[in-house]
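A.B. asks: Need the 3D shape of this:
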Amino acid sequence: MEFSGQYLTYAEYQGLGGTLDLMPFNLLEFEARRKIDIKTQNRLVDSEEIPQTVKLCEYAMINSIESYNNSMNTASGNNVASESIDGYSVNYMTPNQVSEIVKSKSDELNDIIKTYLLGVIYDDEHLLYVGVEW
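C.D. replies: Presented below is the predicted three-dimensional model:
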């Protein structure tokens, strides 16, 4: 599968200290890029040169998404929220707890985007400008 239009290349990712293999990186880069595109109204799509702040933003997002995926894969395999050995009790995550985790991760990714891209001007326009304050 070919991945084009990346904001952060695999070589740049590795140069920043990234440790993922190529395919997991490509999948997470695509997910992070789509989230950036949504927030920036596709202002960076087909751009010749991607600003360094966007690359650093995407690097932080990839690490965050990877961490989230790893923890959700561990938890969702059995939905165990907590476990006690001596009295052997197991507590499972409720749908509300799962929803809270998902919302928390979404908020974290939005915070990363704001931290890196708020106030960044690209092509004489603020990257995050959508016509209203958010």
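A.B. asks: what comes into contact with the helix or strand where residue 97 lies?
C.D. replies: Assigned by DSSP states H and E, residue 97 belongs to helix 95-117. By Cβ atoms under 8 Å, 6 or more residues apart in numbering, the residues outside helix 95-117 that reach it are 35-36, 39-40, 53-54, 56-57, 60-61, 64-65, 68, 72, 79, 81, 127-128. Yep, even glycine has a C-beta here, placed from its N, CA and C like the rest.
A.B. asks: can you pull out the strands in this protein?
C.D. replies: For the chain, the strands defined by DSSP state E occupy 80-84, 89-92, 121-122, 125-126.
A.B. asks: Can you flag the weakest of those strands by average pLDDT?
C.D. replies: Lowest mean pLDDT within the strands of the chain: strand 80-84, a mean of 65.
A.B. asks: The residue nearest to residue 46 when sequence neighbours are not counted and residue 30: what is the separation?
C.D. replies: Distance criterion Cβ to Cβ, 6 or more residues apart in numbering; nearest residue to residue 46, sequence neighbours excluded, is residue 5 at 6.9 Å. Residue 5 sits 9 Å away from residue 30, going by Cβ to Cβ, to the nearest Å.
A.B. asks: now do residue 72
C.D. replies: Plainly put, residue 72 is 18 Å away from residue 30 if you go by Cβ to Cβ.
A.B. asks: Next: residue 40.
C.D. replies: For residue 40, the distance to residue 30 equals 15 Å [Cβ to Cβ].
A.B. asks: between the two, who's got more neighbours?
C.D. replies: Taking neighbours as other Cβ atoms under 10 Å, residue 40 and residue 30 compare with residue 40 leading, 21 against 13.
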